[in-house]
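Okay, predicted coordinates and the sequence, questions at the end:
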Amino acid sequence: MFVLELTYTGPIERVDALLEAHVAWLDEHYASGTFIASGRKNPRDGGVILAVGDDRARIEKITSTDPFVAGGVCEYRITEFVATRTAPELSAYRQQPPA
């Protein structure tokens, strides 16, 4: 599992101009099952996405296609973790720690 932390690097007006395209990009990755939660940070200086997958390179490629990245208004920090405990509703995402 991955925590994708977006930090805005451009003016909020430019972020807002790209928001519709960013939301369409999010929808695409929700539909594929890669994204399971997302939202703005408070204060609004970026956002957070929870993503599932076994391949960090694939996640890096996905983030590189975000319209916010293409538009030069955000950078990503990607943190990989092993979700060994979850709420019951997220049990499908539980993982075993590496041996």
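That came through fine. All figures in this text were calculated on a predicted structure; none of them were measured in a lab.

Could you use CA atoms for every contact and neighbour count after this?
Will do.

OK, contacts around the spatially most central residue of the chain?
Centroid-nearest residue in the chain, with Cα atoms, centre = their mean: Ile49, separated by 3.1 Å. Counting by Cα atoms under 8 Å, 6 or more residues apart in numbering, Ile49 makes contact with 3-5, 35-39.

now what about the strand or helix carrying Ala24, what contacts it?
In this assignment (DSSP states H and E), Ala24 forms part of helix 12-31. With contacts defined as Cα under 8 Å, 6+ apart, helix 12-31 is touched by 8, 35-36, 66-68, 71, 73.

now, among these, which is nearest to Ser91?
Nearest to Ser91 among the contacts of helix 12-31 is Ile36, at 12.7 Å by Cα to Cα.

Please identify the buried residues of the helix or strand harbouring the closest one?
Using DSSP H and E, Ile36 falls within strand 35-40. Within strand 35-40, the residues that count as buried by 16 or more other Cα atoms under 10 Å are 35, 38.

Now do it, average pLDDT.
Mean pLDDT, strand 35-40: 97.

Just give the number of residues close to Val15.
Applying other Cα atoms under 10 Å, we find 20 residues neighbouring Val15.

State the distance from it to Cys74.
Val15 sits 8 Å away from Cys74, going by Cα to Cα, to the nearest Å.

overlap in contacts of those two?
By Cα under 8 Å, 6+ apart, Val15 and Cys74 have these common neighbours: 8, 68.

Filter the contacts of helix 12-31 down to just the buried residues.
Neighbour counting over the contacts of helix 12-31 (16+ other Cα under 10 Å) leaves 8, 35, 66-68, 73 as the buried ones.
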